[in-house]
Every structure is written in structure tokens, then in C-alpha cells.
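>>> Here's a sequence, model it:
(2 chains)
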Amino acid sequence: AQSVAQPEDQVNVAEGNPLTVKCTYSVSGNPYLFWYVQYPNRGLQFLLKYITGDNLVKGSYGFEAEFNKSQTSFHLKKPSALVSDSALYFCAVRDQTGANNLFFGTGTRLTVIP
Amino acid sequence: DSGVTQTPKHLITATGQRVTLRCSPRSGDLSVYWYQQSLDQGLQFLIHYYNGEERAKGNILERFSAQQFPDLHSELNLSSLELGDSALYFCASSAPRDRGFNTEAFFGQGTRLTVV
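Got it, this is the predicted structure:
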């Protein structure tokens, strides 16, 4: 069965420092992987995706993520955090077999400290 | 604007009642997913429809049901409501007809349901 794990409920980072939000997945076959961000009282906004090709994918607002097949990970990164990056981040995986369902992790709350 | 429209934005109702949440997907998208998000919780997958047919069920209660209509909009019906059903309900659409499933899902703004 497919699943996504975000091992950290909360990540705190100082403004200007690099940030990493971790995600590991389990899925049959090759995964489609996604990162979303949620601001208070808003829907989820798409940040970036890995479908195939280059393991390092770049997305919106300066975020990037690295797909690591051997470690089944897809960590979200940004070289220099902004206070405005403070939000709830979700990793998601879609299986390519069966129903093509989209499963989300439990989310990681990122707080960037001025 | 994601292109996904959910109505109503807010809903307050009493226990035991029934409500219907509506979702209009992005133009051309064939898939609609429904999720429940309780306070400060992750997204619980409820159900997935593709081109009018149920594709898969997740953690959806028997009191809940959904359908996708020929024009591809979807409705989530919640009945015999309990206090614990209070949550944000999101729908997301994906899989445009010409591109399939290697695309991201776009989310609506959600319906905040409060059961009193």
C-alpha cells in the first residue's frame, strides 16, 4: 500500500538559513511525488513535482526537492528561508498502478524565525 | 486561483442533519479527489472519482457518500452528522483529458463544516 511519512511535525529555522523538510514514501512501482504548501485558512498550493528525469526538481518560490530512489525520499529544500515561508507543508505520492490515488503525509509546520 | 471551486465556503449545521458539499473541477480535469482535514491534522483521503466513476475509497464513513456527474462536478453528501465531523473538506482535481495522471492536483479553498 502506498504511504507518505513526514517525520517532523515542526521545523524551526532562522531567516536566511537553509531549510529542509523531510519526506519518505512507499509505493508500488515508480512514484509521482509532490509538495504542497498550505497557508492558514487556505487550500493547498502546488509547489513542485517529480515525475521522471532529473532527480533535483525546482519549483515555486525558490523551493527545490531531491528525489532519492534508494532512500525512497523526496526532501524539500530552500537555500535561504524567508519569514513568509512559514506555513504547513505537505508531501504527497500518487501511485501509477491501480486507482492513481493521491496520498498525503501528515504535514510539517515550518516556522521561520526573524 | 486554482480553477477549482467549492461551495459553500462555510456551513454550520446541527447534529443529525445532512449536508451536501459541491466541487467544480478545473476545466478539462477528469479526476476529483475529496479530503477531510480536521483541526491541525493532515489530509485524510475520502474518495476519488474519475470521469464519472468511483475509482477508490479511502477512510470514508458509511454516512458519507459522493458522486461525480456527467459535467464532472462532484458532490460529497454527509448525513447523520456528528460533532466529530466538523472539519475542512477539500476537493482537488487532476488528470486533464489530454495529459492523464502525470500532473499535479489543484485544490479548492475548502468548505469549513461546523456541526453544533
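
>>> isn't A:Trp35 right next to A:Tyr89, touching?
Yes - counting by Cβ atoms under 8 Å, A:Trp35 does reach A:Tyr89; the two are 6.6 Å apart. Yep, even glycine has a C-beta here, placed from its N, CA and C like the rest.

>>> Now for these two: what residues contact both?
A:Val21, A:Leu47, A:Leu76 (Cβ atoms under 8 Å, 6 or more residues apart in numbering or on different chains).

>>> Name the spans of the chain whose pLDDT lies under the cut-off.
Went with chain A since none was named. Scanning chain A for pLDDT under 70 picks out A:96-98.

>>> my question was about chain B
By pLDDT under 70, the low-scoring segments of chain B are B:40, B:97-99.

>>> Contact distance from chain A - what residues of it qualify?
Residues of chain B found near chain A (Cβ under 8 Å from any Cβ of the partner chain) are B:2, B:4, B:31, B:33, B:35, B:41-43, B:45, B:48, B:50, B:55-56, B:58, B:90, B:92, B:94-95, B:101-102, B:104-110.

>>> Spell out for me the PyMOL command that would select the buried members of the residues you listed.
A single PyMOL command selects the buried members of the residues of chain B next to chain A (16 or more other Cβ atoms under 10 Å in any protein chain shown):
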select buried, chain B and resi 2+4+31+33+35+42+43+45+48+50+55+58+90+92+94+95+101+104+105+106+107+108+109+110
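
>>> related to what we said a few turns ago, please narrow the shared contacts of A:Trp35 and A:Tyr89 to those residing in strands.
Per DSSP state E, strands hold the following members of the shared contacts of A:Trp35 and A:Tyr89: A:Val21, A:Leu47, A:Leu76.

>>> from the residues you listed, which is closest to chain B?
For those, the minimum distance to chain B (Cβ to the nearest Cβ) is 9.1 Å, reached by A:Leu47.

>>> A:Asn101: which of the ones in strands among the shared contacts of A:Trp35 and A:Tyr89 is nearest?
Proximity of those to A:Asn101 (Cβ to Cβ) peaks at A:Leu47, which lies at 19.9 Å.

>>> can you tell me which residues contact that closest one?
A:Leu47 sits next to A:Phe34, A:Trp35, A:Tyr36, A:Val37, A:Gly59, A:Ser60, A:Tyr61, A:Phe63, A:Leu76, A:Tyr89 when contact means Cβ under 8 Å, 6+ apart.

>>> what pairs with the helix or strand the second one falls within, and is each one parallel or antiparallel?
Put plainly, it is A:Trp35. If you go by DSSP states H and E, A:Trp35 is part of strand A:32-38. Counting by DSSP bridges, the strands paired with strand A:32-38 are strand A:44-50 (antiparallel), strand A:87-94 (antiparallel).

>>> Would you reformat those as a markdown table and include distance to A:Tyr25?
A markdown table is the format used below for those (distance: least, Cβ to Cβ, whole Å):
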| stretch | distance to A:Tyr25 |
| --- | --- |
| strand A:44-50 | 10 |
| strand A:87-94 | 5 |
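
>>> With respect to A:Gln6, which of the ones you listed lies nearest?
strand A:87-94 (5.7 Å).

>>> contacting residues around the closest one?
Residues outside strand A:87-94 that contact it (Cβ under 8 Å, 6+ apart): A:2-4, A:6, A:21, A:23, A:25, A:27, A:31-39, A:44, A:47, A:74, A:76, A:100-105, A:107-110, B:42-43, B:101, B:105.

>>> count of residues packed around A:Val37?
Using other Cβ atoms under 10 Å in any protein chain shown, A:Val37 has 21 other residues around it.

>>> right, and B:Phe69 touches B:Gly52 too?
Yes - counting by Cβ under 8 Å, B:Phe69 does reach B:Gly52; the two are 7.2 Å apart.
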